[in-house]
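>>> model this:
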Amino acid sequence: MNLRVLLVESEPEEALFLRDVLAEMNERRYEQGRIEYGQIETFHAASWAEAESLLAQGGIAPQVILLDPDLSDRQGGETYRAVQAAAPEIPVILLVNALDESMAVKLMREGAQDFLVKKHIDCVPLRHAMRNAVARQHLLNAAQAAALTDALTGLPNRAGFLALAARDRKLAERLGRRWMLLVGVPRNLREIAAAHGDQRRDLELVETADHLRGTAHPTDLVARIGAGQFAITVFDTEYETVEEAWIRIRGSAAERRIDVGASIYDPARPISLDGILDQAAQDLLPTRMPEQRQPVIRVAGAA
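Okay, the predicted model is just below:
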């Protein structure tokens, strides 16, 4: 498998030197009969704007980023934090001058995988740094994924949901698009546990998770956000409005005896994720029996 490297460097001479080092690493990758990866594919960005565009397009999908923090359009720690925000799952190796070592150490505490002083860069130290950075990032990504996943159902847990839902709410605000958050609770969990034990209750939760997965579209987010509570988020699209999605999901949930509350985020009346969650949860507490509820949902932030 080839190794895709994104080199972010504004100085033309430095960029040429680093590309030459990477090209030499390609020529020497058969040394001692050990092949750690195929060809190194190098992509170059001369500014943060170019790097951001490449990362946003997703076409190159780099496995490691070699970053000079002092770029023509962004400087120092601000550069690294922008890269981290744009591509948190990709390891970053900082390329710094000798006077910037203290800054590099500080940025490693913030998540950078390694740093190299430019005047000391050669094939061997760069190869070791990239190999170790990729390996450590794989372990970190796996640990973070486990920490954000519910072990019982395999869905994102509350922490994972909040991170993903916050991203989607911001996207809805940026695109000026409505977005719906639903909260679902299977009925009679306590009674099931009391009558049949925790194992049967857990089976009910797993079956509920599978049902909601089957109900959701590929772009929807489904998560387990509490002991007996699930959440789904849905974007308004030209193919299905959030009201239509609410009727579809509510009807499917009723078949599984799942109570559902919902709230719509409207960009015209921005509200925090916590506020949307609160309104959806309040919608779960009807004054009438669930079978008598009408398919009407509240717009978040509205009276």
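>>> Quick one: the helices in the stretch 1-150 of the chain, in order.
12-27, 48-57, 76-86, 101-109, 123-147 (DSSP state H, counting those that start in this stretch).
>>> Any chance of those helices in CSV with mean neighbour count, distance to T153 and mean pLDDT as columns?
For the C-beta atoms, the positions are set from N, CA and C on the backbone; glycine is no exception. As requested, the helices of the stretch 1-150 of the chain are exported to CSV (neighbours: other Cβ atoms under 10 Å; distance: least, Cβ to Cβ, whole Å; pLDDT from 0 to 100):
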stretch, mean neighbour count, distance to T153, mean pLDDT
helix 12-27, 15, 43, 92
helix 48-57, 17, 31, 89
helix 76-86, 17, 29, 92
helix 101-109, 15, 35, 88
helix 123-147, 15, 14, 86
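>>> Save the ones you listed as a markdown table, and put in distance to L182 too.
A markdown table is the format used below for the helices of the stretch 1-150 of the chain (distance: least, Cβ to Cβ, whole Å):
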| stretch | distance to L182 |
| --- | --- |
| helix 12-27 | 48 |
| helix 48-57 | 29 |
| helix 76-86 | 28 |
| helix 101-109 | 39 |
| helix 123-147 | 24 |
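>>> Tell me which of those sits nearest to T42.
Closest to T42 of those, according to Cβ to Cβ: helix 12-27, at 5.0 Å.
>>> Show residues contacting the closest one.
Residues from elsewhere that reach helix 12-27 (Cβ atoms under 8 Å, 6 or more residues apart in numbering): 5, 7, 9, 39-40, 42, 44, 46, 66, 68, 95, 118, 121-123, 126-127.
>>> Counting neighbours, which of those residues end up buried?
Buried subset of those (neighbour count, 16 or more other Cβ atoms under 10 Å): 5, 7, 9, 40, 42, 44, 46, 66, 68, 95, 118, 121, 123, 126-127.
>>> Nearest to T215, out of those: which one, please.
Among these, and counting by Cβ to Cβ, the member closest to T215 is V5, at 41.4 Å.
>>> Distance check, that closest one against P69.
Using Cβ to Cβ, to the nearest Å, V5 is found at 17 Å from P69.
>>> buried sites along the helix or strand hosting R248?
Using DSSP states H and E, R248 maps to helix 242-255. By neighbour count on 16+ other Cβ under 10 Å, the buried set for helix 242-255 is 242-243, 245-246, 249-250, 252-253.
>>> Same check on stretch 152-172?
Buried positions in stretch 152-172, judged by neighbour count with 16+ other Cβ under 10 Å: 153, 155-157, 160-162, 165, 168-169, 172.
>>> which residues are contacting that stretch?
In contact with stretch 152-172 (Cβ under 8 Å, 6+ apart) are residues 147-150, 177-179, 181, 202, 205-206, 209, 213, 221-226, 230-231, 233, 235, 265, 267, 273, 276.
>>> Now restrict those residues to buried residues only.
148-150, 178-179, 181, 205, 209, 221-225, 230-231, 233, 235, 265, 273, 276.
>>> coming back round to it: which two from the buried ones among the contacts of helix 12-27 end up farthest apart in space?
By the measure Cβ to Cβ, A46 and R127 form the most distant pair in those, at 24.0 Å.
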